[in-house]
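Engineer: predicted model and sequence below, questions to follow.
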Amino acid sequence: MMFGRTLVAKRIPREKLSKNMFLGWNQPIEKLTKAIDTRKSERIKRKRERTNAEYETRMKNLIKKEKRLKSSLKKHGVDYDFDGYEDQYNARKSTKIVFE
């Protein structure tokens, strides 16, 4: 009896065992119990430098959302104008660095 239930055990022949039944049995215990520092890995992943292509797609999506928001505000009769991502995007795009 275990926790108020009867424990039934059967012997399984070697032929019916899965190949992966005891996979990784010889791993060192430190590797199995080592805590993964998820905060550090996420921080590294999120703080990395973005490529220009990633920046372009992100800004285009943000501008699209912003246009939808502005049209929704106008549709509901709210007269509100704000500087958004489009102005930032155009300002960065028009800035040219000239090295002499």
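Structural biologist: Alright, I've got the coordinates.
Engineer: ranges for the helices of this structure?
Structural biologist: For the chain, the helices defined by DSSP state H occupy 29-33, 38-46, 52-75, 85-94.
Engineer: neighbours of E66, how many?
Structural biologist: 14 (other Cβ atoms under 10 Å). To be clear about C-beta, it is placed using only N, CA and C from the backbone, and glycine gets the same treatment.
Engineer: dump the residue contacts of the residue lying closest to it once chain neighbours are set aside.
Structural biologist: The spatially closest residue to E66, leaving aside those adjacent along the chain, is G84, at 4.5 Å (Cβ to Cβ, 6 or more residues apart in numbering). Going by Cβ atoms under 8 Å, 6 or more residues apart in numbering, G84 touches 63, 66, 70.
Engineer: re the thing from before, now the helices of the chain as a markdown table including distance to M21 and mean pLDDT?
Structural biologist: Below are the helices of the chain laid out as a markdown table (distance: least, Cβ to Cβ, whole Å; pLDDT from 0 to 100):
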| stretch | distance to M21 | mean pLDDT |
| --- | --- | --- |
| helix 29-33 | 17 | 69 |
| helix 38-46 | 29 | 88 |
| helix 52-75 | 43 | 93 |
| helix 85-94 | 54 | 82 |
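Engineer: can you put those helices in TSV and add distance to T6?
Structural biologist: Output for the helices of the chain, formatted as TSV (distance: least, Cβ to Cβ, whole Å):
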stretch	distance to T6
helix 29-33	32
helix 38-46	41
helix 52-75	59
helix 85-94	66
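Engineer: nearest to R5, of the ones you listed?
Structural biologist: For the helices of the chain, proximity to R5 was assessed by Cβ to Cβ; helix 29-33 is nearest, at 29.0 Å.
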